[in-house]
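Q: Pasted the sequence and its predicted model underneath.
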Amino acid sequence: MKLPPACCRLQTLGAALGVCVTIGFTVQLLGGPFQRRPPPAPAGRPPPAPCAPHTHLMFLKTHKTGGSSVVNLLHRFGESRGLRFALPHRYQFGYPNSFRADRVKGYRPGGPPFDVLCHHMRFNLTEVQKLMPKDTFYFSILRDPGFLGESAFVYYRGVAPAFHRAPSLAAFLTSPHLYYHPQTRGNHYARNLQWFDLGLPGPGENQSIEKTLNQLEQTFNLMLITEYFDESLVLLRDALCWRDEDLLLFTQNQRFVGKKTPISASQRDQFRAWNDLDWILYSHFNRSLWRRLEAYGAARLRSEVARLRHRRAAGARRCLQGGGPVPAQLIVDGHLRPFQPPGGRAQILGYALRAGLPPGERQRCARLATPELQYKDILDRRQFGGGNGSSGGGGGQ
């Protein structure tokens, strides 16, 4: 992305350049009062009409798909605008049981609707509609089960009996039915997890796959795809009439991989076959996403994705110690230390803030780095008292 001409003219002046970069980053991070400039209209067409940002949002956070990063984005968007979140009493809405409106803290029948619903649940549209406005924008995120399967195996090995009983990933993939019993508690993590999170009927429940997919198309305005995360965000930004600044995020709940050998192509195919319903679901909405992206235009898409990544990289350099994620044990501020799954088989990375950040900027950077559980507590205190949503610990809260 080219720097604005004013900044370019100041490149030879070290002190002035520092001011320019700082101001530029602050505008990117905070957003300020500026709306995103729409792309120029093709010759002969009028420019697009201005639109208002969408603020009624239902995001179905599916497991091991990158949804935690989207939730952080929604947390910051909603907090900065004083939106009302539908929050669980703890951290999930009775999952893995089907969602019920009465599991939302502060919900009462006939009461005022909520603005944002984005925490883990097993989706139930009828119950969701009891608390969200009619103009709510519904979206979710899906991941190729060839990759999700391996991530779930590592992350949930301590809680999914099917994974725990298998001596290794290879052994599980060779004979998954040997270890998997569908009625055993926790085994929903071991097969067709995305299908389960969407609250869809299981095999033999007398509903065709085609009808199920059609119903999802009618319910969800957009399905993001993990493998094309930034491209998906570009479509989301335009659909919601958000600013570029609203899409700034740092990847949350990222697993440390190190020098571990990735799973083979044949193992990915085995996971796709085992998670057959998830593969159908993913394939359908991956095609749907790419129809939208092709309509968006290849050159325009490349430009928008590059701008998005440029902003993210600039934010990371400005905010983060080392410019990226670090192991949890290196994060001194407990408010920024991510949750680690039971069993210790997966190491989840987090973020440590650079030393010496001015207080206001430190607060903004901390919000970008705050894990989901801690951010939910911030929002809870803001909506229901018990604090003002901030505490010590170096600005992490």
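A: Happy to help now that I have it.
Q: contacts and neighbour counts: CA atoms only from here.
A: Will do.
Q: Quick check, central residue of this protein?
A: A centroid search over the chain (CA atoms, centre = their mean) returns V70, at 2.3 Å, as the residue closest to the centre.
Q: Please report how far that residue lies from Q329.
A: Summarising the geometry, the distance separating V70 from Q329, computed by CA to CA, to the nearest Å, is 24 Å.
Q: CA atoms of the top strand by length along the chain as PDB?
A: The residue-count maximum for a strand in the chain (DSSP state E) belongs to strand 137-142. Listed next in PDB are the C-alpha coordinates belonging to strand 137-142 (Å, rounded to 0.1, in the frame of the first residue of the first chain):
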ATOM      1  CA  PHE A 137     -27.000 -10.500  10.200                       C
ATOM      2  CA  TYR A 138     -26.200 -14.300  10.600                       C
ATOM      3  CA  PHE A 139     -22.800 -15.600   9.800                       C
ATOM      4  CA  SER A 140     -20.500 -18.500  10.700                       C
ATOM      5  CA  ILE A 141     -17.200 -20.000   9.700                       C
ATOM      6  CA  LEU A 142     -16.300 -23.400   8.300                       C
END
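Q: Remind me what that strand packs against, helices and strands.
A: The elements that strand 137-142 packs onto, with contact taken as 3 or more CA pairs under 8 Å, 6 or more residues apart in numbering; DSSP states H and E, are strand 57-60, strand 222-225.
Q: I'd like these laid out as JSON lines, including mean neighbour count and mean pLDDT.
A: Written out in JSON lines, the entries for those read as follows (neighbours: other CA atoms under 10 Å; pLDDT from 0 to 100):
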{"stretch": "strand 57-60", "mean neighbour count": "23", "mean pLDDT": "98"}
{"stretch": "strand 222-225", "mean neighbour count": "24", "mean pLDDT": "98"}
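Q: Any chance of these in TSV with distance to H120 as columns?
A: Supplementary listing: these in TSV, determined by distance: least, CA to CA, whole Å:
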stretch	distance to H120
strand 57-60	7
strand 222-225	16
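Q: Of all the ones you listed, which one is nearest G202?
A: strand 57-60 (18.7 Å; CA to CA).
Q: Just checking: what are the partner strands of that closest one?
A: strand 116-117 (parallel), strand 137-142 (parallel) (DSSP bridges).
Q: so what does the very next helix or strand once past that strand touch, helix or strand wise?
A: From strand 57-60 onward toward the C-terminus, using DSSP states H and E, the following helix or strand is helix 67-80. The contact analysis (3+ CA pairs under 8 Å, 6+ apart) places helix 67-80 against helix 359-369, helix 372-384.
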